[in-house]
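>>> please find the sequence and the predicted model below.
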Amino acid sequence: MTISVSVRQVVGPEDAARRDTQGLRDGFVMEDLFRPGEANLTYSHLDRMIVGGVMPDTKPIEIAAIAQTGTERFLDRREAAIVNIGGAGTVRVGGKAYELGFQEALYIGMGEGALSFASRNQGEPALFYLLSAPAHRTCPTVHITREMARKVVVGSAEESNARTINQYVHPDVCDSCQLLVGLTMFEPGSVWNTMPAHVHDRRMEVYLYFGMQEQTRIFHFMGEPSETRHVVLKNHDAVLSPGWSIHSGAGTGRYAFIWAMAGDNMSFTDMDKVPMEDLR
């Protein structure tokens, strides 16, 4: 079992505008989150969000504590959300075991203790996508199925962005302190996500792209509206989005993505839309 933690400092808009492609990737992109028998975590200074991939193989993987939180236990002052995008698996926390199937989620309240992850079948391992943010109150731990998710249908085929937003950790589904988490699925032929673009300076966001063929790529757009940049992402890559940055993308083939936010409020619709004519 291997647990690795990398740290990402905050990158400001002036800095981002001057960076080359590798510089942008170093500041914002997290590659290859899922590796057999490993937990790969990134501690971001954007609202102290932790983003990680856990892929158990023959043995369970436990996350009890990491030095970066400065607490005795990982969840002493944090909440977490886990979405499984692989084979069936089990998450043990707070003295209970939760069986998570494909695209099922688990919200975990502050103070629940160590996390343990296991795959049901080594030949089809679970892929647990982990998100964690600081919390100031404890909310109940909830197993969230796809049927429980709040579904919002948006976009159109004419605009190449017909999609369903499945809101997993959302006030209408379960209580949380500051995490909002959901999963967006696209209709065949639709490739654009979150366009027209927006920013929300009150909250950061992170995307994980998945469900892609080996050769499929996402052109993910970021930066201030007047200074846009892009990075090219493959399956299971994630990208951080500061509050000042747009976050939008288009794929060369079918894909899905998980979005998560943390910050000042819990209003999914709190966003500052950017007119198309203002994008540069």
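Alright, I've got the coordinates.
>>> host element of T216?
With secondary structure defined by DSSP states H and E, T216 is part of neither a helix nor a strand.
>>> so how far is S245 from it?
Note on T216: its distance to S245, by CB to CB, to the nearest Å, is 23 Å. (Each C-beta comes from the backbone N, C-alpha and C, glycine too.)
>>> who has more neighbours, those two?
For the pair T216 and S245, the greater number of neighbours falls to S245 (27 against 16), based on other CB atoms under 10 Å.
>>> so the more buried one touches F221, yeah?
No. Between S245 and F221 there is no contact under CB atoms under 8 Å: 9.1 Å.
>>> list the contacts for K59?
For K59, the set of contacting residues under the criterion of CB atoms under 8 Å, 6 or more residues apart in numbering consists of 1, 37, 118.
>>> relative to the worst-scoring helix or strand of the chain on mean pLDDT, what are the paired strands and their orientations?
Each helix and strand of the chain was given a mean pLDDT (mean pLDDT, DSSP states H and E); the minimum falls on strand 272-273 at a mean of 92. Here strand 272-273 is paired, per DSSP bridges, with strand 198-199 (antiparallel).
>>> quick one: neighbours of the closest residue to A88 other than its chain neighbours, just the number.
If you skip the residues right next to it in sequence, A88 has R120 as its closest partner in space, 4.3 Å away by CB to CB, 6 or more residues apart in numbering. Neighbouring residues of R120 were enumerated by other CB under 10 Å; the total is 15.
>>> cool, Q215 as well?
Count around Q215 with other CB under 10 Å applied: 9.
>>> same check on the one 4 residues further on?
Number of residues near F219 (other CB under 10 Å) recorded here: 14.
>>> where does it fall, secondary structure wise?
Short version, using DSSP H and E: F219 is in strand 218-222.
>>> sheet-wise, list the partners of that strand with their directions.
In the sheet, strand 218-222 lines up against strand 229-233 (antiparallel), strand 248-251 (antiparallel) (DSSP bridges).
>>> pull the CA atoms of the longest one into PDB?
Looking back up the chat, that one is strand 229-233. Taking only C-alpha atoms (Å, rounded to 0.1, in the frame of the first residue of the first chain), the coordinates of strand 229-233 have been written out as PDB:
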ATOM      1  CA  ARG A 229      -5.600  29.300 -22.000                       C
ATOM      2  CA  HIS A 230      -6.100  25.600 -22.500                       C
ATOM      3  CA  VAL A 231      -4.700  22.300 -21.400                       C
ATOM      4  CA  VAL A 232      -5.200  18.900 -23.100                       C
ATOM      5  CA  LEU A 233      -6.400  16.100 -20.800                       C
END
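>>> after that strand comes which helix or strand?
By DSSP H and E, the next helix or strand past strand 229-233 is strand 238-241.
>>> now do the buried residues in that following strand.
By neighbour count, and taking 16 or more other CB atoms under 10 Å as the criterion, the buried residues in strand 238-241 are 238-241.
>>> what is the nearest of the residues you listed to G251?
For G251, the closest of those turns out to be V239, at 13.4 Å, with distances computed as CB to CB.
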